[in-house]
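Enquirer: The sequence isn't on hand, but the structure is:
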């Protein structure tokens, strides 16, 4: 079973699942690789013949053809080797491009709730895929691509060398040819054995590398808190432990590769000795001249030399297979929702939203019988429904607040409307159309989402705003900044719309970030705004002030806002309270 899983998640299989390489590129790589191997064998064979024959001091014109052949083979080997590498690199870059697109198509449907569900799921593989695997998938794609390149190169070079070298040796002496073929088979076998020994170490090293990446990200995120409490030793100890484990795994992998290389070298040496002994026997029997004996030995050296590269290539393939297994775990995760093939969005206009007796089950939970309102537990139960029989209506142009304790299911309700989560029963609709019938593009035309922390891309202010509507003019950008209360801030920027934000650019306060996110939502032109705790990271005074400004900038749009703000009732038309995934009755409206 384990072997079958390894085959399914090999680097070559994963790369083919993203799309097979062009036959023209494979043909070019195979053809030039075979020519390169032929030139290498021809170069050693003619060089051996030339040197041995020259030692007998023949007339110079007898050596002219051999001299020309040596020059031709030397030049041809360099040219064909370059062309082979060029073709293999083309295959690698094409594979990397397709693999990245495949990974994006795989990960995109899982964001955000698919990965969250995976972390809470019962399978350890899924949990790893949601955390450490995702953080290291860029490096994993490069490992898979490198493994594909090495596998392609060694397969072509070794295959051509074995076939051509054995054929030439067999023509000179059949016994020596058989011994050479047996030696090459032993080299391949011991290399494969060494790769098998280092396979678990390669898998372990890949997993620890991802763990190190996670630890570094965690250290950066928690640096301020650790320094404030003087507990830098916590993350330092974890990083040091991961580093030691990575070093141990690397040493084990190197040991396996070293053993394989040593065994392959010994096997190649034994095969060469066998060829020499067989050649000497044929020479004593008068079946092989001294010059042809030299040619036989050098051809055998050329053929066996490619086998010495096999252990390193198989070690790289083991690393690539370990990376492919981790990436395959992502592909095995089920998206929380399925996007329809055709969009059935409502016509443009003022639209509201409705949740009608919606239930959402937690991963691994089973539907249970309804309980009376007074039986609601004091805290959310993670094994039960995330939402249970939730109904609310946001009429066109009205503002509704969704309140409740942390973990009550408020954000999940918004995610159902956004179709990030699938309702196990009930219905969610926008403008009277079931959200399950709306594509992402159609949803974006009607709904704008402001998360609790607005993400700023490492791009200009204009580019960050145009994420919502790429064709927006600069006047429209300025207008939404004024609406969101950022007009004075924008006019104080020396670079104006060309100011770079995000990583490596201008930093913004939490309030400025949320206002910028609101400006982005307003620019989208959506008639329904979903605000998910937009002031969660602000102090109480700033929170009330910013929330009032955000809701004021919404104008006549329909708004569903999740908030803990005590004074939210005075800013909206209705308040709906959730507790443990259920609507709490009897909360007065504004």
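Expert: Thanks, I have the structure now. Computed from a prediction, not measured in an experiment: that's the story for all the values here.
Enquirer: When you work out contacts or count neighbours from here on, use the C-alpha atoms and nothing else.
Expert: Noted.
Enquirer: Which residues are in contact with the residue nearest in space to the middle of the chain?
Expert: By Cα atoms, centre = their mean, the chain has its centre lying nearest to residue 137, at 3.3 Å. By Cα atoms under 8 Å, 6 or more residues apart in numbering, residue 137 lies in contact with residue 327.
Enquirer: Next, the buried residues of the helix or strand where residue 317 lies.
Expert: For residue 317, the host element (DSSP states H and E) is helix 310-332. Buried residues in helix 310-332, counted by 16 or more other Cα atoms under 10 Å: 310-331.
Enquirer: again, but for stretch 473-484
Expert: The neighbour-count check on stretch 473-484 (16+ other Cα under 10 Å) flags 477-484 as buried.
Enquirer: got JSON lines for those, with pLDDT too?
Expert: JSON lines is the format used below for those (pLDDT from 0 to 100):
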{"residue": "477", "pLDDT": "88"}
{"residue": "478", "pLDDT": "88"}
{"residue": "479", "pLDDT": "88"}
{"residue": "480", "pLDDT": "86"}
{"residue": "481", "pLDDT": "87"}
{"residue": "482", "pLDDT": "86"}
{"residue": "483", "pLDDT": "82"}
{"residue": "484", "pLDDT": "81"}
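Enquirer: If you count contacts, what does the helix holding residue 317 end up packed against?
Expert: helix 11-17, helix 64-107, helix 124-128, helix 137-172, helix 174-221, helix 232-284 (3 or more Cα pairs under 8 Å, 6 or more residues apart in numbering; DSSP states H and E).
Enquirer: Out of the ones you listed, the one nearest residue 407 is which?
Expert: Nearest to residue 407 among these is helix 124-128 (20.5 Å), distances taken as Cα to Cα.
Enquirer: ok, residue 459 to residue 525 distance?
Expert: With distances taken as Cα to Cα, to the nearest Å, residue 459 is found 22 Å from residue 525.
Enquirer: Same check on residue 407?
Expert: Look at residue 407 and residue 525: by Cα to Cα, they are 31 Å apart.
Enquirer: again with residue 335
Expert: Distance, residue 335 to residue 525, by Cα to Cα: 28 Å.
Enquirer: Compare these two (neighbour count), which wins?
Expert: Of the pair residue 335 and residue 525, residue 335 is the one with more neighbours under other Cα atoms under 10 Å, namely 23 against 17.
Enquirer: who's in contact with residue 449?
Expert: When contacts are counted by Cα under 8 Å, 6+ apart, residue 449 is found next to 521, 529-532.
Enquirer: Select, from those residues, the two members most distant in space.
Expert: The span of those, defined through Cα to Cα, is set by 521 and 532 at 12.5 Å.
Enquirer: Between those two, which is the more surrounded one?
Expert: Between residue 521 and residue 532, counted using other Cα under 10 Å, residue 521 has the larger neighbour count: 27 against 22.
Enquirer: Not counting residues beside it along the chain, what's closest to the more buried one?
Expert: Excluding its sequence neighbours, the residue lying closest to residue 521 (Cα to Cα, 6 or more residues apart in numbering) is residue 448, at 5.2 Å.
Enquirer: so that neighbour sits in a strand?
Expert: Yes: under DSSP: H, G, I helix; E, B strand; the rest coil, residue 448 sits within a strand.
Enquirer: Compute the distance between it and residue 567, please.
Expert: Here residue 448 is placed at a distance of 24 Å from residue 567 (Cα to Cα).
Enquirer: Distance of the residue nearest to the centre of the chain relative to residue 331?
Expert: 12 Å.
Enquirer: Need the residues touching each of residue 521 and residue 532.
Expert: 449-450.
Enquirer: on that earlier part again, relative to residue 397, which of the helices and strands packed on helix 310-332 is closest?
Expert: Closest approach to residue 397 among the helices and strands packed on helix 310-332 (Cα to Cα): helix 64-107, 35.1 Å.
Enquirer: Flag every buried residue along stretch 163-174.
Expert: For stretch 163-174, by 16+ other Cα under 10 Å, it's 164-170, 172-174.
Enquirer: starting at the chain centroid, how far to it?
Expert: Distance, stretch centre to chain centre, for stretch 163-174: 46 Å (Cα atoms, centre = their mean, to the nearest Å).
Enquirer: before we move on, back to that, for residue 448 and residue 567, indicate the residue with more neighbours.
Expert: Taking other Cα under 10 Å, residue 448 and residue 567 do not tie; residue 448 has more neighbours (25 against 12).
Enquirer: and that one, what does it touch?
Expert: 521-522, 524, 526-530.
Enquirer: can you do 10 Å?
Expert: If you count contacts by Cα atoms under 10 Å, 6 or more residues apart in numbering, residue 448 has them with 418, 468, 517-518, 520-531, 559.
Enquirer: Show me the one of the helices and strands packed on helix 310-332 that comes nearest residue 432.
Expert: Closest approach to residue 432 among these (Cα to Cα): helix 64-107, 29.5 Å.
Enquirer: now that closest one and helix 137-172, what's the angle there?
Expert: Interaxial angle, helix 64-107 versus helix 137-172 (axes from the mean of the first three to the mean of the last three Cα atoms, to 10 degrees): 150 degrees.
Enquirer: Between helix 310-332 and helix 64-107, find me the angle.
Expert: With the same axes, to 10 degrees defining the directions, helix 64-107 sits at 20 degrees from helix 310-332.
Enquirer: So what's the gap between helix 64-107 and the chain middle?
Expert: Chain-centre distance of helix 64-107: 26 Å, with Cα atoms, centre = their mean.
Enquirer: Residue 225 contacts residue 218, correct?
Expert: No: between residue 225 and residue 218 there is no contact under Cα atoms under 10 Å: 11.3 Å.
Enquirer: For residue 540, which non-adjacent residue is closest in space?
Expert: Nearest to residue 540 is residue 565, by Cα to Cα, 6+ apart, at 8.0 Å.
Enquirer: for residue 311, same thing?
Expert: For residue 311, ignoring the flanking residues on the chain, the nearest one in space by Cα to Cα, 6+ apart is residue 191 at 5.0 Å.
Enquirer: any chance of the buried residues of stretch 163-174 in JSON lines, plus pLDDT and distance to residue 90?
Expert: As requested, these are exported to JSON lines (pLDDT from 0 to 100; distance: Cα to Cα, whole Å):
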{"residue": "164", "pLDDT": "88", "distance to residue 90": "26"}
{"residue": "165", "pLDDT": "87", "distance to residue 90": "28"}
{"residue": "166", "pLDDT": "89", "distance to residue 90": "30"}
{"residue": "167", "pLDDT": "90", "distance to residue 90": "31"}
{"residue": "168", "pLDDT": "89", "distance to residue 90": "32"}
{"residue": "169", "pLDDT": "89", "distance to residue 90": "34"}
{"residue": "170", "pLDDT": "90", "distance to residue 90": "36"}
{"residue": "172", "pLDDT": "90", "distance to residue 90": "38"}
{"residue": "173", "pLDDT": "90", "distance to residue 90": "40"}
{"residue": "174", "pLDDT": "91", "distance to residue 90": "39"}
